[in-house]
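K.L.:
I'd like to go over a predicted model; first the sequence, then the structure.
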Amino acid sequence: MKKNLFTVFGTLFLLTIFYVPSVLALGFGARADYWIPSFSGNLRVDDNGVTGTDINLKDDLGISNDNIPGVEAYFGIGDHEISLAY
């Protein structure tokens, strides 16, 4: 039973790849990434002789250096794509 099921799905997969016109192209897959930020910076705006206030972008704005994982799965037919991201 498993061999027949594998044969059916394998045949459908190959037919989809080789015989579907390019307008109905099929695409699916997954992507993963891991962002490791290292954020720091100071900002001060001076104008017309007036000295601005120093702003530490990381501490004053509450921006952290936490690592951020990401995963995305997608499925597409032709010009249409559905994507699920975390």
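P.N.:
Perfect, I can see it now.
K.L.:
nearest the geometric middle of this protein, what residue?
P.N.:
Closest to where the C-alpha atoms of the chain average out (C-alpha atoms, centre = their mean) is residue 72, at 5.6 Å.
K.L.:
name the element that residue belongs to?
P.N.:
Assessed by DSSP states H and E, residue 72 sits inside strand 68-77.
K.L.:
compute the number of surrounding residues for the closest residue to residue 66 other than its chain neighbours.
P.N.:
In space, not counting the residues next to it along the chain, residue 66 is nearest to residue 37; the distance is 7.7 Å by C-beta to C-beta, 6 or more residues apart in numbering. All C-beta atoms are positioned from the backbone trio N, CA, C, and that covers glycine. Counted with other C-beta atoms under 10 Å, the burial measure for residue 37 works out to 11 neighbours.
K.L.:
for residue 57, same thing?
P.N.:
Neighbours of residue 57 under the rule other C-beta under 10 Å: 13.
K.L.:
next, it: phi, psi?
P.N.:
Residue 57 has phi and psi values of phi -60, psi -40 when expressed as degrees, to the nearest 10.
K.L.:
kindly report the same for the one 4 residues further on.
P.N.:
When quoted as degrees, to the nearest 10, the phi and psi of residue 61 stand at phi -100, psi 0.
K.L.:
the spatially closest residue to it that is not a sequence neighbour bridge partners, please.
P.N.:
By the measure of C-beta to C-beta, 6+ apart, the closest residue to residue 61 outside its immediate chain neighbours is residue 55, 7.5 Å from it. Judged by DSSP bridges, the bridge partners of residue 55 are residue 43.
K.L.:
now the longest helix along the chain: average pLDDT?
P.N.:
What stands out as the longest helix in the chain, according to DSSP state H, is helix 2-19. With pLDDT averaged residue by residue, helix 2-19 scores 77.
K.L.:
now do it: distance to the chain's middle.
P.N.:
Distance of helix 2-19 from its chain centroid, counting by C-alpha atoms, centre = their mean, to the nearest Å, is 30 Å.
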